[in-house]
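Visitor: Sequence and predicted structure below; questions after.
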Amino acid sequence: MRSQRTEGTLLERGPDQSNEQPPSRERWRPLSRTHKILFAVNLVAYATIIVAVFSTSRLVALDWEVFNWRPYEHWPALWNFLNYYVIAGQRGPVAIVVSGWLSWRCWRTRSWRPLLVLGVALVLLNMSVGAVKIGTGRLGPHYAHVYGSNEIFLGGDIFPSGHTANAVVTWGVLAYLATRWRRTGAVLAGWTAITVGATTVYLGTHWVTDVLAGWCAGALVLLILPLFEPIITSADERMRGYWTTGIAPWLRERFGGRGPFRGRRDELDELDLFPTHSDQIRKPVPVARDHRELASRNSRSIPIVY
C-alpha cells in the first residue's frame, strides 16, 4: 500500500521519461541485414579486384584485350557524343550542378541536410578512392609500357576510375535524398554510373578493372553513408541555430524590408527568421497632387468628388 509521501513523489515526477529521446534529435535505425550483406559483398568484390590487379591475373589480360580491340575504332561515330557525355562523371561540373539542385532543396525543406549529405559523401569518396589511387600508382592504357603488365607503382592515378566512382556517388546521393521518385532516381543513377564507366573504356582512358573497382568504391560510399546520419543531423541543427540566432538578426537589421527581401515578408515570416514588429510596418506616404491637375479639374462643368 502506497503512502501519501510516495504518491506525492510520483505526482511530482510525473510519468517515467527515462526512455524518451530528445525531440530535436532523430534516432537513426541500425543498418538492416540486407544492407549489411550488400556492403559485405561490395567490399569483398572490391578487395578481389585489387588483388587480381596486383597479381596480374586473368582480369589484367582482359584489360589488354579490350584495349587492343580499341572500341572507339569500331564505332567512331559515337566519339564526339561520348567524349562530352563522360563529363557527367567529372567531379567539378557534376558537383556544381548537383549543389545547385540541393541548394534549392535546402530552401524548400528549411534544412541544410541535402548539402551536408553531399559534402560528407564527397569527402568519403575523395579519402577512399584517393588513398587507393596513390597506393597503386597505376598508369592508364595510353601510358602503358609493357604489354600484359598491371602497370602499378609507376606514379599513375588511374585505379580505381574516379569518373565512375564519382558518377555512382554524386548521382546516387540524389536518389538517396529523393522523397517521391526514389526508385526512379535510383534507376537513373545506376544507368548513369554504368554508362559513364563504359564510356571511359570506349575512349581508352581506363582499363576494365578500373571501372569495376570504381563501381565498387562508389557503392561502398553510398552504403556506408547512413552511418554518418547522426553527425549530419547534429551539424544541421547547429547550422540552423546559428542562422536563426546569428545571421538572421544581422540580415533583419541590415536589410529590413528593403533590397532583396522586399516584397517577401510573408515568406520570411514563415521561416521565423524575420518577424514583423509593429514598429517595422511601413505606412504608405501620401503623394502630393499636382496643382496643375487640380486646376484643370476645377474648370470642368461636372464636379469631381475626391
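Guide: In hand now; what should we look at?
Visitor: contacts and neighbour counts: CA atoms only from here.
Guide: Will do.
Visitor: what about Leu82, how many neighbours?
Guide: 18 (other CA atoms under 10 Å).
Visitor: Just list the residues touching it, thanks.
Guide: 199, 203 (CA atoms under 8 Å, 6 or more residues apart in numbering).
Visitor: What's the separation between it and Ala40?
Guide: According to CA to CA, to the nearest Å, Leu82 and Ala40 sit 33 Å apart.
Visitor: Going along the chain, name the helices of the chain.
Guide: Along the chain, counting by DSSP state H, helices occupy 4-13, 33-54, 58-69, 71-74, 79-85, 91-109, 113-136, 162-177, 182-203, 208-224, 229-242, 248-254, 265-271, 291-298.
Visitor: Can you say which of those is packed in most?
Guide: helix 162-177 (a mean of 26; mean count of other CA atoms under 10 Å).
Visitor: returning to what we had before: which one of the helices of the chain lies nearest to Val146?
Guide: helix 58-69 (10.5 Å; CA to CA).
Visitor: Packing partners of that closest one?
Guide: helix 33-54, helix 208-224 (3 or more CA pairs under 8 Å, 6 or more residues apart in numbering; DSSP states H and E).
Visitor: Among those, which comes closest to His74?
Guide: Judged by CA to CA, the one of these that comes nearest to His74 is helix 208-224, at 17.4 Å.
Visitor: Can you give me the pLDDT of Glu12?
Guide: Model confidence at Glu12, given as pLDDT, is 43.
Visitor: Give me the below-cutoff pLDDT ranges for the stretch 1-150 of the chain.
Guide: Applying pLDDT under 70 to the stretch 1-150 of the chain picks out residues 1-29.
Visitor: Kindly reformat the helices of the chain as JSON lines containing distance to Tyr143.
Guide: Below are these laid out as JSON lines (distance: least, CA to CA, whole Å):
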{"stretch": "helix 4-13", "distance to Tyr143": "74"}
{"stretch": "helix 33-54", "distance to Tyr143": "17"}
{"stretch": "helix 58-69", "distance to Tyr143": "12"}
{"stretch": "helix 71-74", "distance to Tyr143": "17"}
{"stretch": "helix 79-85", "distance to Tyr143": "19"}
{"stretch": "helix 91-109", "distance to Tyr143": "23"}
{"stretch": "helix 113-136", "distance to Tyr143": "15"}
{"stretch": "helix 162-177", "distance to Tyr143": "17"}
{"stretch": "helix 182-203", "distance to Tyr143": "14"}
{"stretch": "helix 208-224", "distance to Tyr143": "15"}
{"stretch": "helix 229-242", "distance to Tyr143": "41"}
{"stretch": "helix 248-254", "distance to Tyr143": "54"}
{"stretch": "helix 265-271", "distance to Tyr143": "56"}
{"stretch": "helix 291-298", "distance to Tyr143": "84"}
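Visitor: Excluding chain neighbours, what is closest to Arg91?
Guide: Using CA to CA, 6 or more residues apart in numbering and skipping residues adjacent in sequence, the residue nearest Arg91 is Asn166, 6.2 Å away.
Visitor: show me the contacts for the one you found.
Guide: 89-91, 125, 218.
Visitor: Which residue, neighbours along the chain excluded, lies closest to the residue nearest in space to the middle of the chain?
Guide: In the chain, the C-alpha nearest the mean C-alpha coordinate belongs to Leu118, at 2.8 Å (CA atoms, centre = their mean). Setting aside the residues directly before and after it, Leu118 is nearest to Val173 in space (CA to CA, 6+ apart), at 6.5 Å.
Visitor: Do I have it right that the one you found meets Leu222?
Guide: Yes. Applying CA atoms under 8 Å, one finds Val173 in contact with Leu222, separated by 7.5 Å.
Visitor: Now the common contact residues for these two.
Guide: Ala121.
Visitor: of the helices and strands packed on helix 58-69, which approaches Tyr147 most closely?
Guide: Using CA to CA, these put helix 33-54 closest to Tyr147, at 14.2 Å.
Visitor: Restricting to C-alpha, output that closest one in CSV.
Guide: Extracted C-alpha coordinates of helix 33-54, given in CSV (Å, rounded to 0.1, in the frame of the first residue of the first chain):
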residue,chain,number,x,y,z
ARG,A,33,20.6,-7.3,-42.6
THR,A,34,20.2,-6.7,-46.4
HIS,A,35,22.2,-3.5,-46.1
LYS,A,36,25.0,-5.3,-44.3
ILE,A,37,25.0,-8.1,-46.8
LEU,A,38,25.3,-5.6,-49.7
PHE,A,39,28.1,-3.8,-48.0
ALA,A,40,30.0,-7.1,-47.4
VAL,A,41,29.5,-8.3,-51.0
ASN,A,42,30.8,-5.0,-52.4
LEU,A,43,33.7,-4.9,-50.0
VAL,A,44,34.7,-8.5,-51.0
ALA,A,45,34.3,-7.7,-54.7
TYR,A,46,36.4,-4.5,-54.3
ALA,A,47,39.2,-6.4,-52.5
THR,A,48,39.1,-9.2,-55.1
ILE,A,49,39.6,-6.7,-57.9
ILE,A,50,42.5,-5.1,-56.2
VAL,A,51,44.2,-8.5,-55.5
ALA,A,52,43.6,-9.5,-59.1
VAL,A,53,45.3,-6.4,-60.4
PHE,A,54,48.2,-6.8,-58.1
